[in-house]
Structure formats: C-alpha cells, structure tokens
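> Okay, here's the prediction I keep looking at, along with the sequence it came from:
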Amino acid sequence: MGNGPVVGVLSPFVGGAYYGTILAGISAAAAAAGSRTVAVQTLDAAADMAVNGGTPTFTAPVAWEHIDGFVVLADAITDAYLDRLRAAGKPVVLLGHNAGRPDLPAVVADNGAGTRATVEHLIGHGHRRIAFTGYVAVSDVAERHRAYTATLRAHGIEPEPALFLPAVDNLESGVAWATPDALRDLDATAIVAATDRNAIGLLRAMAAAGLSCPGDVALTGFDDMEVATYLAPSLASVRQPLEVMAAKAVELLLQAVAGVPVPPGDRRVPTVFVARGSCGCSEAALRLPPALAAAGPDLLTERLAGLLPPGAARTGEHLALLAKAVDAVVDVAEAAVAGRTPDHSGATAALLTLYALQAQPEGLRIVARAVQEYTQQIPAGDVAAARRLDGCVQELILAVVRVRQVANFGDRWRLRSTISAHYDLSMALLYNRRSDPRDLSWLAVTPANAGSLGLWTGDGCRLEVPAGWRRLPGPPIAAGDLAVSAFPPPELIAAVGPGETAFVVPAKVNLSDRGLLAVVGVVESQVEDGRELVNQCAALLTVGLDLREQEERLRRAALSDTLTGLPNRAALVETLERAVRAPDRRFAVLFLDLDGFKQVNDRLGHAAGDDLLVYVAERIRRSLRAGDMAARFGGDEFVVFLAEAGPPEQVTRIAERLKASIVAPYTVGGTVVRVGVSIGCTPCGDCTSADEILSAADAAMYREKIGSR
C-alpha cells in the first residue's frame, strides 16, 4: 500500500448490501490512488436499523489525527458533527446525499432521471393511479418524490394527496402504513417505492393482505440491490452505479486534501431503470431491446455496452475494457471459422472483466445474447465451419457461466466460513471464561488481519488501549493511553494491506458502552446492513465484557461479607486452600473473637452492634500489611491470614498491634463503648486443609480467651 492521504469514511454501517458496496468502492479507489481507508461506523454495534438524519449519539472525533479527509454517507452523522469537521479543517465530500448542505461537494445518483424513467415505464403499462411511498425527510428520497410528481404532471396526471404514502424510514419497516386494510382500500394500481427495502416491506405486506404483485398492484423500487433479482416477483428498480459514485467521491476528496479547490454542489451520476416482473413485465418482455447497429462488431459493441455503467458515468478505462472484450470475441469467432484453435480463455477473461463492472444477474443474459447475435450473422463457408462456429459460441458462453458458477460457489463457501466464524466467535467471547476478551486473541477465528481495542476511561475523551493483535508478522500495535482522536493506533492503519480497510466500530450495545474496536479486514457486502462480522465482533465483545464483569461482581458478592465489606468465610477458605497447596508455605492465621460485643448489642440494639462490627472491621483492615487478608468468619469472629508470617515474635507483634487497635474506644449511636478481643495465633505447620488450620487457630483463640480470665 502507498503512503498517500488517509481517506476516512463515516457510515451508519461498515458493511452490508448497500453501505458495504459503497465502502468497497471507496477502498478500491483510495488504494488505486495510493491511500488507505479508515471506515468509522456511527451506529452502535449490532444496531437494528439506520437513524434517519444522522446519529445524534455519535459525537467522538474518532481517528481525526490520522484521517486527512472524510467521505460522509447518508444518515451517518448530524449536521452539527459536519460543522465540527469543517471547523477542524477536514475536507468533506458527501456521498449518496447532500444533507441540505449547498456549501459542501456531494456525489449523488441522478434520482430525478431514474424516477422519471420509472413513472414513465408504469404509465406505458397503462397505469394512471400511481402511488408513492418513501421517507422524504432525507434529501435523495425527497428528490425522487419531486420527480414522481413532476413526471405525472408532464403526462397530464395530477398527483393526488391520498396517493402519497409517507414512510417512517428507508427500511422494510418503514412502510408502517401498509396494513392489510390500508392496502386493500388503496385506490392505486401501482406504487413507486423510494428504496428497494421499502419495496421489499411492501411485497411482504401485500402477501399478508392476500394481494398479488403485479396482478393487483405493480411495484417498483430504487437502488437495485442484488436481492431484487431473486424476489418473487423479481423487483423492478433503479440501478445506482455505487462503485462509480464512490470513485468520484474519493477523487474529489483527494483533490481537496491536495489543496485543489473543489466547488460545492452536486455531482450527479446517471441511473438506469431496470424492468422486472414486479412492474408487470414478463420474462419474455425483458429481452434486450432492438439493436441500432446492423451487424458485425458494431452490433457486438452495442450489446456488450449494456454491461457498462450508465453513459455519463463511463470512463475511458470502461471503453477500453469494452473494446478489448469485443476484439477478443471477434478473434475467437474468426479463428473458429478459419479452423484455428480459438483462445476461449482470453475472451472469457475479457467478458468477465466487463461483466464485473456492475456484476448484475442480467449481465450473463447480455453476454449470451451479444455473442449469439454476433456469430449468427457471420457467414460460414461450409457445414464444418458452421459447426465449429456453433461449438465456439457454446464453449464461450459455457466458460463464462462456469466461471460465474465457481464465483458463486466461492460466495457460498465464504458464507459458510462466515457462519462458522460467528459460531467460533460466540464460543470464544461468551463461553470461554478462561480467556480475557481484551487481549483480542479471539480475532484469530475471524478473517481479520489486525485489531486494536480502546476502552473508555473515566472522562470519556480518552481510551485505554491494550496491546493490539496481528495475524502476520509486523510492527507491534502498541498499548497506551490515547485520545479518541488518535485511535486506532497508527500501527493498525499501517497494517492495512491491498484490498483491505481499517474498520472502527463502537463497542456499544444498548446502555453498555465499552469503547471502540478497530479491525483490519475486507469489506463484507453480501450480508444484511449491520450484520457484517466486524459489527458482530464489536457486539459480542461488548456482551462478553459485560458478562465477565457481572460474573466478577457476583463472585465478589459471594465471597464478601455484606455488612463489613470484608471477605467472608467462603473467600477465606478459598485463600487458605490455595496457601495449603503452595510448595513454599510461610503463612500463619490469627483467629479473633470480640469480648463484650454481646453486652453492647443487647444494651444499644442490633443496629448499634452492626455499626460496631463495621468499625472493628475497618480497624483490622487498616492494621494489615500489604498481601495480608482479613475476613469476617461469622458473628463477632474475624480471621486474619498472614501471607508471610516470619518468626513467631513477628506474628506476636502483629497480633498485639491488632489488639491495641481494636480495644480503643468507639462512639456508637452517641455512646462511647469498648470491647476486648481474644486472638489465637497458628502457623501453617503441617496442616493439610483449610478446616484443619482454622480448627487449630480457633483452639488457640479459646486457649487465649481462657488464659486471660
């Protein structure tokens, strides 16, 4: 990796079908420019949904000391946080929204063009009563709604207020209005949903209401998520070239970081409406449109151009890939006709590179149709040549499909590996009580290559950072006390390799806020937003730390005397058992019994007696050396464990010091009282159990008590 400016990304999630696709595009573009990417998640770990309008609780300047400029995704931060970034001199480029900030550069999809194409397509199907649903409080959805109303009016249809159906967010849950009764009573034949996830929520609601799509109501979405193709019916949607948008945002940001003026305002990237079953198009109607080119390589070029990003988003590099693929297919066909051995591998690789620019399921259909149409027009001199050409076409198409099948198998294998990693992660963080989650060794069960943990200190502005973890050899990720603006440590950012990103996710679940987890790994874009492994790592880490803290509290409670706060009898026995088993035993035990306590308790009451016991316990505690232990054995009896007893005269001096402290006067409930104490001293000797040495100490105490009468 290069040492260029560090690109920061602020996003509600750092993975998933939408955010992950954008983040992968940002990381790839930054890497191509010699930069590393640090992606900061602004929602809590394992959050269920994005917060519309930004995350109010995210206020920390995470990694500001390392990041040279920020790409900010929709709903990531509040307007106030944006102002703080600007005040700190950090260049900002908005991506996928403009946040109502005309003072900032923004890269946005051409929402208007995509929505116009959608509405016009539905009108072409004969629909006149077309409803709209979406969360218009965000800028991109508001723009889609404006284009919807303008397009209806342009076709002589006046938008009806009753057909505007506000959503409460951009997710499946956003269409809360879509109850069975509301859907059955809706006087519309088609619905334009502002996002695919709104549309998916509608598909579910329609099924629950007993309505069919598109039979009862046609439906379209926006975003063209990968899942749109596999729904039943497949979801018609507007495709945003997210990778192209990401690359443009990085280009603008790096210009600003370099001091090149970047004017504010929107940079619009073209969108494309993709017709599918939910809008009323049958599979037969989804064939490629009639070609403009007559024949030959021009026809092949026109067809394969369908694999490129939308027109205005195409670059010279895209066109070069198209030309290379066309030349490769032409060479294969000419070789087959001439009787030479075709280079199927080169043509397959060129076609797959072209396909990968958008990697949509319809791409395979475009490849097959383009190759077939082109070769069908090539004159074959004889039957043998025709057969060779047919075989060549079949081999080429099958080769492309086989490679995609291998890729799909790889996707399934990665899914299986991810599921396995989730299981191993749960076992390591939730069930393995012998390990400390803070040492991050559990990251070894994940695909991560490095990690660092920052735990909040008392002021909430600094982080206690234990030593980090690395899978591969390299400079250690140092421990220390860091300001949140300096987290993650620079060694972790330097560990970002080709194809990797540094992720920072809040280790916060509900009210438990532990700090920040930073992980170096690969963006996950084939999971639900917020369910990527790094997010689950932060969530399970938080829960794991909570569980261990709760267990420690319970353990301390089980081993503590609730009145005096001293260790109780169980804790004392546990300590003595360890001491008895130790190879080098030099301990001794003092057994203390208060004299005259019952009279104080009977005369002044139990509350006063309890107060007296608390005062005695405090005097005993203050009289001990470091390493010694005092416990309340029961009632008015106490036991002192001397870890290093020394000679008998030293033990005697300790006992005398304890006695002098205990017999001094106390003021209890406004009354001055005194108590005595009998102390029995017992060295470890040949005792083989805690019970044996306690019995010996108890006996010594009684001898002392009797002897003092």
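Looks like it came in fine.
> At the geometric centre of the protein, which residue do we find?
In the chain, the residue lying closest to the centroid (Cα atoms, centre = their mean) is residue 535, at 2.4 Å.
> centre of the chain versus the helix or strand that contains that one, how much separation?
Per DSSP states H and E: residue 535 is located in helix 533-558. Chain-centre distance of helix 533-558: 18 Å, with Cα atoms, centre = their mean, to the nearest Å.
> next SSE after that helix?
Next along the chain after helix 533-558, taking DSSP H and E as the criterion, comes helix 569-581.
> CA atoms only for whatever helix or strand comes next after that following helix - export them in PDB, please.
Remark: after helix 569-581, the chain's next helix or strand is strand 588-595, criterion DSSP H and E. Extracted C-alpha coordinates of strand 588-595, given in PDB (Å, rounded to 0.1, in the frame of the first residue of the first chain):
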ATOM      1  CA  ALA A 588       0.000 -18.000  59.600                       C
ATOM      2  CA  VAL A 589      -3.600 -17.500  60.800                       C
ATOM      3  CA  LEU A 590      -4.900 -15.300  63.500                       C
ATOM      4  CA  PHE A 591      -8.400 -16.100  64.900                       C
ATOM      5  CA  LEU A 592     -10.100 -13.100  66.600                       C
ATOM      6  CA  ASP A 593     -13.100 -13.200  68.800                       C
ATOM      7  CA  LEU A 594     -14.500 -10.000  70.300                       C
ATOM      8  CA  ASP A 595     -15.000  -9.900  74.100                       C
END
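> Show me where the stretch 351-500 of the chain has its helices.
For the stretch 351-500 of the chain, applying DSSP state H, counting those that start in this stretch gives helices covering 362-376, 383-426, 490-494.
> rewinding a little: hey, what's the angle from the helix holding residue 535 to helix 569-581? Just curious.
100 degrees (axes from the mean of the first three to the mean of the last three Cα atoms, to 10 degrees).
> Show me what counts as buried in helix 533-558.
533-545, 548 (16 or more other Cβ atoms under 10 Å). C-beta: built from backbone N, CA, C; applies to glycine.
> now do stretch 680-691
680, 681, 682, 683, 684, 687, 690.
> Not counting that stretch itself, show me its contacts.
With contact meaning Cβ atoms under 8 Å, 6 or more residues apart in numbering, stretch 680-691 is reached by 572-573, 576-577, 579-580, 585-591, 645, 648, 651-652, 655, 693, 696-704.
> Residue 504 versus residue 516, what's the distance?
Residue 516 is 6 Å from residue 504, where distance means Cβ to Cβ, to the nearest Å.
> overlap in contacts of the two?
62, 487, 488.
> I'd say the last one and residue 452 touch.
Yes. Under the criterion of Cβ atoms under 8 Å, residue 488 is in contact with residue 452, at a separation of 4.8 Å.
> shared neighbours of the two, anything?
The contact sets of residue 488 and residue 452 overlap at residue 518 (Cβ under 8 Å, 6+ apart).
> among the contacts of stretch 680-691, which ones are buried?
Taking 16+ other Cβ under 10 Å as the criterion, what is buried in those is 572-573, 576, 579-580, 587-591, 645, 651, 655, 693, 696-698, 700-701, 704.
> Roughly how far does residue 689 sit from residue 631?
17 Å.
> now residue 140
66 Å.
> Those two: who's more crowded?
Taking neighbours as other Cβ atoms under 10 Å, residue 140 and residue 631 compare with residue 631 leading, 26 against 22.
> Tell me the buried residues in the helix or strand where the more buried one lies?
When elements are assigned from DSSP H and E, residue 631 belongs to strand 629-634. Buried positions in strand 629-634, judged by neighbour count with 16+ other Cβ under 10 Å: 629, 630, 631, 632, 633.
> Please apply the same query to stretch 150-158.
Within stretch 150-158, the residues that qualify as buried are 151, 152, 157, counting by 16+ other Cβ under 10 Å.
> hang on, the earlier thing: just the buried residues of stretch 680-691: which are in helices?
residue 690 (DSSP state H).
> and which of the buried residues of stretch 680-691 is nearest to residue 81?
residue 690 (58.3 Å; Cβ to Cβ).
> so what's that closest one closest to, chain neighbours aside?
Closest residue to residue 690 apart from its sequence neighbours, by Cβ to Cβ, 6 or more residues apart in numbering: residue 576 at 3.6 Å.
> ok, now which ones touch residue 308?
Residues near residue 308 by Cβ under 8 Å, 6+ apart: 314, 318, 319, 322, 354, 357, 358.
> What does the pLDDT read for the second one?
The per-residue pLDDT reported for residue 318 equals 84.
> what's the span of stretch 146-163, first residue to last?
Counting by Cα to Cα, to the nearest Å, you get 14 Å between the two ends of stretch 146-163.
> Residues in a beta bridge with the nearest residue to residue 163 once chain neighbours are set aside, which ones?
In this structure, residue 163 finds its nearest non-sequential neighbour in residue 131, 4.1 Å apart by Cβ to Cβ, 6+ apart. Applying DSSP bridges to residue 131 yields these beta-bridge partners: residue 191.
> ok, now how distant is residue 131 from residue 123?
14 Å.
> same question, residue 76
The value you get for residue 76 to residue 123, if Cβ to Cβ is used, is 36 Å.
> Could you do residue 552 as well?
66 Å.
> Same question for residue 550.
According to Cβ to Cβ, residue 550 and residue 123 sit 61 Å apart.
> which outside residues touch the strand or helix carrying residue 622?
Element membership for residue 622 (DSSP H and E) is helix 606-623. Under the criterion Cβ under 8 Å, 6+ apart, residues 561, 563-566, 592, 594, 597, 600-601, 630, 632, 636, 638, 640, 654, 657-658, 661-662, 664, 666, 668-669, 671, 673, 675 lie in contact with helix 606-623.
> now that helix, how far from the chain's geometric center?
So, by Cα atoms, centre = their mean, the centroid of helix 606-623 is 51 Å from its chain's centroid.
> Now do it and strand 629-634, the angle between them.
160 degrees.
> in helix 606-623, what counts as buried?
So for helix 606-623, counting by 16+ other Cβ under 10 Å, buried means 608, 609, 611, 612, 613, 615, 616, 617, 619, 620, 623.
> Tell me if I'm right that residue 429 and residue 539 touch.
No. Counting by Cβ under 8 Å, residue 429 sits too far from residue 539 to count as a contact (9.5 Å).
> ranking the shared contacts of residue 516 and residue 504 by neighbours, who comes first?
Of the shared contacts of residue 516 and residue 504, with other Cβ under 10 Å as the count, residue 488 tops at 31 neighbours.
> Can you tell me how far that residue is from residue 448?
13 Å.
> Likewise for residue 554?
Residue 554 is 32 Å from residue 448, where distance means Cβ to Cβ.
> Can you pull out the residues in contact with the helix or strand hosting residue 660?
In this assignment (DSSP H and E), residue 660 forms part of helix 648-663. Under the criterion Cβ under 8 Å, 6+ apart, residues 588, 590, 592, 594, 616, 619-620, 622-623, 625, 640, 642, 645, 674-677, 679, 681, 683 lie in contact with helix 648-663.
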